[in-house]
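**Q** Requesting a structural model of the entry that follows:
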Amino acid sequence: MAKSPAKVILFGEHFVVHGSYAIASSINECFATVEIIDKDDWGAASDYSNVNILYNKEKVKEGGTLHNAALIMLNEFNIKKNMKINVTSNIKGSGLGSSASFCVAFARELNKRFNLGLTDNKVNELAYVGETAFHGTSSGIDNTVCCFGGIIQFRKDKRAGMEGVNIQKIVLKDKINLIVVYTDKSSSTKEMVEKVNAFKERHEEKFAQMIKEVNTIIDDAKYAMQTGAVVELGRLMLQNQKLLEEIGVSTPEVKGILNIAINNGALGGKLTGGGGGGSVILLYDKDTPKYNIISSLEKAGYSCFTTKIG
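**A** Got it, this is the predicted structure:
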């Protein structure tokens, strides 16, 4: 049995696919667990919906993307042994890396069960292969932060796969207090990526300028994290959010959540992950009564949880 945490992207989602930096963190409150069990009928079983489903190899299309990702990862090592894959996850909202968490946990379980001798870097590369089944184009940031944990600054050049990836661990002065809010609206990350690609094609010069702006935001955010400048960090989150709105991946629900939170003491926030709904992260100071923010969101019909990163 192997497990992997969920993640939040603090800065730079979508833009990172096109060469910008990004900052992401694992969150240990949510995780996926994978266990491989020998089985006469090859398949993938998932209880994401509290239902144990076995998909036969001949019916791969009925298995959905989870099953396709498993097949692709198995084929990397020509593993054709009959098995059942039990997946459990408490990663409720989209935007928190549920697919990456599965891919990393499955890669670790394969490594352990079949004595593949993979290093963490090779586990990460295998997880990236699975991620492409979910999202098509992928920067690799989700599987990387789920694999290595902590807070990382990430950038990838145009080389294929996980080649050309630059990762730096970020050490914080103080832990960062976040509230993660579910919009209860989800969209395909793949569709959102395609939407951003279309925006880039229509506004090539503008998008290039936005990449520069994102990199500046991330430089400033990294410094704010290292010096404990939490108010500045909140301002930078809102600045990043405006860019996400401009490229069309935010929603009215996200804007409404941010308005409620800021009016009740949050320092800033933004959508996290693919967008089109999904999840929102909110920053609050350790001396701020977080319950004012949480109760206001719950009254508006949103569910959320708190986490500390760093």
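**Q** Can you list the buried residues in stretch 137-149?
**A** Residues of stretch 137-149 classed as buried: 138-149 (neighbour count, 16 or more other CB atoms under 10 Å). (C-beta placed from N, C-alpha, C; glycine too.)
**Q** Export these as CSV, with columns for pLDDT.
**A** Formatted as CSV, those follow (pLDDT from 0 to 100):
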residue, pLDDT
Ser138, 79
Ser139, 86
Gly140, 91
Ile141, 94
Asp142, 94
Asn143, 96
Thr144, 97
Val145, 98
Cys146, 98
Cys147, 97
Phe148, 97
Gly149, 96
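**Q** out of those residues, who's nearest Thr183?
**A** Nearest to Thr183, judged by CB to CB, of the buried residues of stretch 137-149 is Asp142 at 18.6 Å.
**Q** quick one: that closest one and Gly95 touch, right?
**A** No - using CB atoms under 8 Å as the test, Asp142 is too far from Gly95 to be in contact (10.0 Å).
**Q** where's the residue lying closest to Cys147 once chain neighbours are set aside relative to Glu194, distance?
**A** Closest residue in space to Cys147, ignoring its immediate chain neighbours: Asn124 at 4.3 Å, by CB to CB, 6 or more residues apart in numbering. To Glu194, Asn124 is 25 Å away according to CB to CB, to the nearest Å.
**Q** Which of those two has more residues huddled nearby?
**A** Taking neighbours as other CB atoms under 10 Å, Asn124 and Glu194 compare with Asn124 leading, 23 against 13.
**Q** who are the neighbours in contact with that one?
**A** Residues near Asn124 by CB atoms under 8 Å, 6 or more residues apart in numbering: 104, 107, 140, 143-144, 147-148, 162.
**Q** Tell me the first helix or strand C-terminal of the helix or strand harbouring it.
**A** Here Asn124, judged by DSSP states H and E, is contained in helix 120-135. Beyond helix 120-135 in the direction of the C-terminus, DSSP H and E gives the next helix or strand as helix 141-148.
**Q** So which elements touch that following helix?
**A** Applying 3 or more CB pairs under 8 Å, 6 or more residues apart in numbering; DSSP states H and E, we find helix 141-148 packed against strand 2-11, strand 22-38, helix 98-113, helix 120-135, strand 151-156, strand 165-169.
**Q** what stretches of the stretch 51-200 of the chain score poorly on pLDDT?
**A** The stretch 51-200 of the chain contains residues with pLDDT under 70 at 51-64, 93.
**Q** Quick check: the residue nearest to Cys147 vs Ala32, distance?
**A** In terms of CB to CB, Asn124 sits 15 Å off from Ala32.
**Q** Distance to Ile309 for the helices and strands packed on helix 141-148 - can I get that in JSON lines?
**A** Converted to JSON lines, those look like this (distance: least, CB to CB, whole Å):
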{"stretch": "strand 2-11", "distance to Ile309": "8"}
{"stretch": "strand 22-38", "distance to Ile309": "4"}
{"stretch": "helix 98-113", "distance to Ile309": "16"}
{"stretch": "helix 120-135", "distance to Ile309": "20"}
{"stretch": "strand 151-156", "distance to Ile309": "6"}
{"stretch": "strand 165-169", "distance to Ile309": "13"}
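**Q** domain parsing for the protein?
**A** Annotated domains of the chain cover 2-169, 176-309 [automatic domain parsing].
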